[in-house]
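**Q** this one's structure only:
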Ligand code: SF4
């Protein structure tokens, strides 16, 4: 194990996965601090800072033990690594320690850094950020990673949050590239109701979801999965649930 610390915003659960292929499944979230992106609509800006007041630095073995304890105490066998960007750290030994205890490990990352240890995860959710985020497109890098790892495409998912019509054009580019592979493509309705009292968040999210379905149906993306953000419908913008 390395002596480098992993900075963590929060480890919480059990809760349910609110997005993607495992939507609804019981899991623990391990959310790292630190991100190389600054998305306009980021719903977890608190992860950007690695200052002592906003997160905690763990040695790998301590983070593994803390995560295993939470899994054991809550009878949960599924951990999701997220952030921030979990790929700014090395999770090899933590993934291997969790697997030894028969715990499934998924990762969610934006695709700007795709280290070799990713292939040890059970599900690799790459979430490229569309134009509305104001961040760079990682298309060529993601394409290269998928070509290099053609033997594990069945466990790779592309998941893109959609905020406007330009984002749908961006989504279509990924769809056209990977539609004939085993990579699964998901899109989810973006949450632009951050801050404020959000008392209409459920109604507005469902309206946005219906609109997203209509807009995607106008394209030729037959095998795409269109999902809401279930955690937003259940808990709004509350943290740690
Ligand atoms: S990649 Fe994720 S955590 Fe980082 S700024 Fe974008 S939405 Fe926020």
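**A** It's in. Quick caveat: nothing in here was measured; it's all calculated off a predicted structure.

**Q** what residue lies at the spatial centre of this protein?
**A** Nearest residue to the geometric centre of the chain (CA atoms, centre = their mean): residue 108, 3.1 Å.

**Q** For that residue, name its beta-bridge partners.
**A** Beta-bridge partners recorded for residue 108 (DSSP bridges): residue 125.

**Q** Now do the same contact list for it.
**A** 20, 80-83, 86, 125, 127, 159 (CB atoms under 8 Å, 6 or more residues apart in numbering). To be clear about C-beta, it is placed using only N, CA and C from the backbone, and glycine gets the same treatment.

**Q** chain center to the lengthiest strand in the chain, what's the gap?
**A** Longest strand of the chain, by residue count under DSSP state E: strand 6-16. The chain centroid and the centroid of strand 6-16 are separated by 13 Å under CA atoms, centre = their mean, to the nearest Å.

**Q** Please flag which of the contacts of residue 108 sit within helices.
**A** Among the contacts of residue 108, none falls in helices (DSSP state H).

**Q** which ones among those residues come in contact with the ligand?
**A** Restricting the contacts of residue 108 to those near the ligand by CB under 6 Å from any ligand atom leaves residue 83.

**Q** mind putting the contacts of residue 108 in TSV, pLDDT, distance to residue 237 and neighbour count included?
**A** Conversion of those to TSV gives the following (pLDDT from 0 to 100; distance: CB to CB, whole Å; neighbours: other CB atoms under 10 Å):
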residue	pLDDT	distance to residue 237	neighbour count
20	91	19	20
80	98	19	24
81	98	22	25
82	97	16	21
83	95	17	26
86	98	21	26
125	98	21	26
127	98	18	20
159	98	19	21
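
**Q** right, and out of the contacts of residue 108, which lies closest to the ligand?
**A** Checking the contacts of residue 108 against the ligand with CB to the nearest ligand atom, the nearest one is residue 83 at 5.4 Å.

**Q** residues touching that closest one, list them.
**A** 9, 31-35, 44, 47, 108-109.

**Q** Kindly state the beta-bridge partners for the closest residue to it other than its chain neighbours.
**A** Excluding the flanking residues, the one nearest residue 83 by CB to CB, 6 or more residues apart in numbering is residue 32, at 4.4 Å. With DSSP bridges as the criterion, residue 32 is bridged to residue 8.

**Q** pretty sure residue 32 contacts residue 81?
**A** Yes - the pair residue 32 / residue 81 is scored as a contact, 7.3 Å apart, by CB atoms under 8 Å.

**Q** what does the protein put close to the ligand?
**A** So the chain meets the ligand at 35, 37-39, 42, 44, 47, 83-85, 110, 129 (CB under 6 Å from any ligand atom).

**Q** biggest separation within those residues, which pair?
**A** Spatially, the most separated pair among the residues of the chain next to the ligand is 47 and 129, at 14.5 Å (CB to CB).

**Q** Excluding covalently adjacent residues, which one is nearest to residue 171?
**A** Leaving aside its sequence neighbours, residue 171 sits nearest to residue 160 (CB to CB, 6+ apart; 4.9 Å).

**Q** Now do the one you found: how many residues are near it, please.
**A** Residue 160: 22 surrounding residues under other CB atoms under 10 Å.

**Q** mind checking pLDDT for it?
**A** In this model, residue 160 is scored at 98, pLDDT.

**Q** ok, now the one 5 residues further on?
**A** You'll see residue 165 listed with a pLDDT of 96.

**Q** Sweet, I'm off.
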